[in-house]
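**Student:** with the sequence up front, the predicted model follows.
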Amino acid sequence: MARPVAILGTGQTYHTKARADVHQGELVLEAAEAALLDADLSFEDIDAIVLTNMELFEGRSMPGYGKNRLLLHIVEQ
Amino acid sequence: MKPETRITGDGLFALAHAAMTILSGQYDKVLVVAHGKASEGDQEKLSNWTYDPVFQQPLGFTDSTALGLQAQAFLRRCPTALADEEARAELVAALSGGDFVSELADSGYRNLRAADVLESSIVFNPLHELEIGKPGDGATAVLLEGNNKEGVELQGFGYSNDSHYLGDRDLSRSGALTEAVTRATAMAEMGNVKEEVSQCFWSLRSSIQLPLWAESAGIWSFEEGLVKLMATSGVSTGNGSANHPGYNQWHHLPLITSGLQRLISAVRGIENKDIDGSALVQGCYGPAGQTQIVCLLK
């Protein structure tokens, strides 16, 4: 790659059947903080965030075998 | 507030998008996050909503339906040892083991025995309940940086899309995965994926998907046998491999986080020098792995 991209840090939560002790935001925060800690960085150091989630109805908007596509939902600047 | 983008699908799609923003020069450091909280709904019923509402939803199609049809199609084309449910049960038992998963995964399905798999009910012929991954709660995060030559390098990535209607594609193969690998290897300027990739990290929702993905990615062929298949995937049938990638779809790994969790396992393997060569990380999304993504790391 002309401009190499590297993985600086990673983080993940305990994966289990049900995490009743946290809501979704807290779950995300656990993993994000672990990745930042792993990279020895703080939230202020990063430029942007990309989240992934599930939309239930994307099947009907996913036509076309072999198409190279990303379903982009929301961009906030 | 930070600029935020949302991508639908497996976490690896978000990682690819983040990498593109870095490659374009837009950002330098990007945080990628994937999470799932399946406990808040009935995932089997919810998956019915992803199908066409006129013909397929009323028939009761779900993720399990798609996995069962995929398994049937695969075994019809390739009647290998995996047609024997005992062989598949041994495979699932091997996939559910390993020390790596113990710190992260729910203990309920850890270190399954083949007998446990065979005693579980058949969800959709030929798949037993324990041959299908369990939904769960959890989150994964990865931090990317451009112009960094010290961390684990993202050599390339590629993704592609199969037809949504199950009847419109050959379920015994994954053309989308083949295309995704072609794109990723081209970006990485990799000549021969089979020679240069030393370990694969698959996102599996059923036992059948291991040989199906490995074959479609060009990593393994049926003539090479199941032992070779498991070796390329870091799994051993003995006491567990030191480089077990943590196939914790059997441990309530959320669907959305699967690809990123695989990537984290690959990063650990590379950092610990357990992987000699490149690692191939695969993620997928949609009925029976409709949409596929591959990342190559070194």
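**Tutor:** Perfect, I can see it now. Please read these numbers as outputs of a predicted model, since none were measured by experiment.
**Student:** confirm for me that B:Leu144 is in contact with A:Pro4.
**Tutor:** No: if you go by C-beta atoms under 8 Å, B:Leu144 and A:Pro4 don't touch, sitting 10.7 Å apart. The way it works is simple: take the backbone N, C-alpha and C, and place the C-beta from them, glycine included.
**Student:** which neighbours do these two share?
**Tutor:** B:Leu154 (C-beta atoms under 8 Å, 6 or more residues apart in numbering or on different chains).
**Student:** looking at those two, which is more packed in?
**Tutor:** When B:Leu144 and A:Pro4 are compared for neighbours, B:Leu144 comes out ahead with 27 against 17, by other C-beta atoms under 10 Å in any protein chain shown.
**Student:** wait, is the more buried one part of a helix?
**Tutor:** No: the assignment for B:Leu144, made by DSSP: H, G, I helix; E, B strand; the rest coil, is strand rather than a helix.
**Student:** the chain: strands as residue ranges?
**Tutor:** In the absence of a named chain, chain A is used. For chain A, applying DSSP state E gives strands covering A:5-12, A:48-53, A:72-76.
**Student:** oops, chain B please
**Tutor:** In chain B, the segments counted as strands under DSSP E are B:4-8, B:29-37, B:122-124, B:127-128, B:137-146, B:152-161, B:197-201, B:278-285, B:291-297.
**Student:** what helices and strands are in contact with the third one?
**Tutor:** In this case it means strand B:122-124. Judged by 3 or more C-beta pairs under 8 Å, 6 or more residues apart in numbering or on different chains; DSSP states H and E, the packing partners of strand B:122-124 are helix B:63-77.
**Student:** can the helix it packs on be said to contact chain A?
**Tutor:** No: shown here: helix B:63-77 not in contact with chain A (C-beta under 8 Å from any C-beta of the partner chain), separated by at least 10.9 Å.
**Student:** could you pull up the residues touching the closest residue to B:Ser198 other than its chain neighbours?
**Tutor:** Spatial nearest neighbour of B:Ser198, chain neighbours left out: B:Gly277 (3.5 Å); criterion: C-beta to C-beta, 6 or more residues apart in numbering or on different chains. Shown in contact with B:Gly277 (C-beta under 8 Å, 6+ apart): B:Glu196, B:Val197, B:Ser198, B:Gln199, B:Lys298.
**Student:** go on, B:Leu144?
**Tutor:** A:5-8, B:15, B:18-19, B:22, B:29-32, B:154.
**Student:** tell me the most packed of those, by neighbour count.
**Tutor:** So for those (other C-beta under 10 Å), the most neighbours sit at B:Val32, 31 neighbours.
**Student:** which parts of the chain are helices?
**Tutor:** No chain specified, so I'll use chain A. In chain A, the segments counted as helices under DSSP state H are A:24-39.
**Student:** that's the other chain; I wanted chain B
**Tutor:** B:11-23, B:43-48, B:63-77, B:85-95, B:114-119, B:175-187, B:193-196, B:209-216, B:225-232, B:258-271.
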